[in-house]
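1. sequence unknown, structure follows:
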C-alpha cells in the first residue's frame, strides 16, 4: 500500500537515504547520513518527519563535529551605524574605505565581501552581536567607497591581503577573533589566513570559492555545471562576449569579456558589464520567486539599478561625486564589480592551481573553521566545500539543504548568525563586558 511519510521505504524512494535500511544503521551512521541529506528533496511531510526523528531519536555524539544538522529561525541582529570610519591610503593609487560597528572593546571581527568588487554594507555587521563584537567592514580596492572606483592598477589578491594587514594595524587590532568571508571573500580569507595564521583565531566561510580551473569552468566554461542548468541564459551570456560560436574554454570566455570591460569606450564597457552580471545575478538565490521567473522565461535578468550592490541583494548606495581618478575609470559600482571580477578571474586570482587546498596545513591546527554552503549553490558548487573539508578535517561543515549562494537565504543566514554566536561564546573573555549584563544574552544561549 501507500508508504507512510518518514518510513524507511519512503525515505529511500525520495532519495533521502541510500540503499541500506534505516533500521540497519547505527546511530552514528544515521547521524552522519542525515546531516547532509535534510532538505534535499521537496516532499515536505517526509522531510519534516525525517528531520524530527533524526533530531530526537539519537543523541549528538560529543567530540565529533564534521557535518551537523541545519538550524532554522535565527535572525539578523539589529541594524547599527558605524562609530568610526575612514579611508586609508594604502599606496600611491588606492584609498581603502573601512567602518567599525559594535563594541570598541569587543572581539575583533572582519567581514570580507564577495565579488570581487561587491562592496560591504552595514547589513553585514548584523551577522554579529554588537554587544560583544567589534565588527570591521572594508571595501576592497576599486569598489564601494574605496577610491578610485573600478581601478585595476595595483589590484591583486596579494595587494588585498596587505590591505587587511594595514587596516588591522591602523585600528590597533592584535588578532582577528573571526573573519567572515562569502564567495570570493572565502578565497581572500583563506589566502590571508594562510599567510598570516598568527593573526586569525577563526574563519567562518560561506559559499566556498577556490578559484581554480575546475571552479571557473563550472560557472564560465562550456559544458560546465551552470551552462547545463541555464542553457538559454548561457547562450545569451556567450553572445555578449562577441565570440563567434561557442567558446573553447572558460579562459577564452573570461578573456573576451575582460577585453570589453577594459575597453576605452564607456558604451562597450557598460554593455559588457550588464551581460556579465546578468549571467551571475539570476543564480544567487534558491528563492521561489526568482527561480520561477528564471525557469519560465529563461531571459537575462537585468540589474534593477546600476547604483545597487549586485551579488548579495544588499540595499542601494548612491554614487558619490567622482574625483579625476574616478572619472578616468568612469564606471558605476555595477560596472566596477564586473571589471574587478573579470580582472581577478582572468588572472585566476594570482594563485597557483589548488594553492588554497595545498596550503591548508598552515592553518589546520591553529585556526578554527566553520564552513556554510548551500546544497543548490549554482555559483560555487557544493563540491568546493567538500574538497576543502577533505584536506581540513578539523573544519566544521554545515551544508544547508534548500539553499543556494546568497548569504541572506534563511537557512544560510541562520547558520552564519549561529556560527558567530558560537565563536563569541568561545572568545567572550576578549571583550570588555564589565558594564554589560551578559546573563541570558544570545552569546550565552545553548547551541
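-> Here it is on my side, so go on. These numbers were taken from a predicted model, which means no experiment stands behind them.
2. please, where are all the strands along this structure?
-> Using DSSP state E, the strands of the chain run over 84-89, 95-102, 107-112, 133-138, 178-182, 202-206, 368-374, 396-400.
3. mind putting those in TSV, mean pLDDT, distance to residue 414 and mean neighbour count included?
-> (C-beta placed from N, C-alpha, C; glycine too.) Conversion of the strands of the chain to TSV gives the following (pLDDT from 0 to 100; distance: least, Cβ to Cβ, whole Å; neighbours: other Cβ atoms under 10 Å):
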stretch	mean pLDDT	distance to residue 414	mean neighbour count
strand 84-89	97	29	14
strand 95-102	98	20	22
strand 107-112	98	18	26
strand 133-138	98	18	26
strand 178-182	98	14	28
strand 202-206	98	12	27
strand 368-374	97	9	25
strand 396-400	97	8	24
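4. save these as CSV, and put in distance to residue 226 too.
-> Shown next, in CSV, are the strands of the chain (distance: least, Cβ to Cβ, whole Å):
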stretch, distance to residue 226
strand 84-89, 36
strand 95-102, 31
strand 107-112, 23
strand 133-138, 29
strand 178-182, 18
strand 202-206, 19
strand 368-374, 14
strand 396-400, 19
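5. quick one, which of the ones you listed gets closest to residue 347.
-> strand 107-112 (18.6 Å; Cβ to Cβ).
6. which residues of the stretch 51-200 of the chain fall in helices?
-> With helices called from DSSP state H, counting those that start in this stretch, the stretch 51-200 of the chain shows them at 157-170, 184-195.
7. contacts for the longest one, please.
-> So that's helix 157-170. Identification of contacts with helix 157-170 by Cβ atoms under 8 Å, 6 or more residues apart in numbering yields 88, 90-91, 94, 96, 98, 108, 110, 112, 136, 138, 140-141, 176, 187-188, 191-192, 195-196, 199, 344, 349-351.
8. tell me the angle of it relative to helix 184-195?
-> 70 degrees (axes from the mean of the first three to the mean of the last three Cα atoms, to 10 degrees).
9. return the most buried member of the helices of the stretch 51-200 of the chain.
-> Comparing those by mean neighbour count (mean count of other Cβ atoms under 10 Å), helix 184-195 ranks first with a mean of 26.
10. packing partners of it?
-> For helix 184-195, the packing partners by 3 or more Cβ pairs under 8 Å, 6 or more residues apart in numbering; DSSP states H and E come out as strand 107-112, helix 157-170, strand 178-182, strand 202-206, helix 355-358.
11. pairing partners for the fourth one, with directions?
-> Okay, so that is strand 202-206. According to DSSP bridges, strand 202-206 has the following sheet partners: strand 178-182 (parallel), strand 368-374 (parallel).
12. low-confidence ranges in the stretch 251-400 of the chain?
-> For the stretch 251-400 of the chain, applying pLDDT under 70 flags the ranges 287-330.
13. mind listing the helices for it?
-> Assigned by DSSP H, counting those that start in this stretch, the helices in the stretch 251-400 of the chain fall at 266-281, 288-297, 324-329, 333-346, 355-358, 383-391.
14. mean neighbour count and distance to residue 152 added to those, as JSON lines?
-> As requested, the helices of the stretch 251-400 of the chain are arranged in JSON lines below (neighbours: other Cβ atoms under 10 Å; distance: least, Cβ to Cβ, whole Å):
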{"stretch": "helix 266-281", "mean neighbour count": "20", "distance to residue 152": "12"}
{"stretch": "helix 288-297", "mean neighbour count": "12", "distance to residue 152": "31"}
{"stretch": "helix 324-329", "mean neighbour count": "14", "distance to residue 152": "8"}
{"stretch": "helix 333-346", "mean neighbour count": "25", "distance to residue 152": "5"}
{"stretch": "helix 355-358", "mean neighbour count": "18", "distance to residue 152": "22"}
{"stretch": "helix 383-391", "mean neighbour count": "19", "distance to residue 152": "26"}
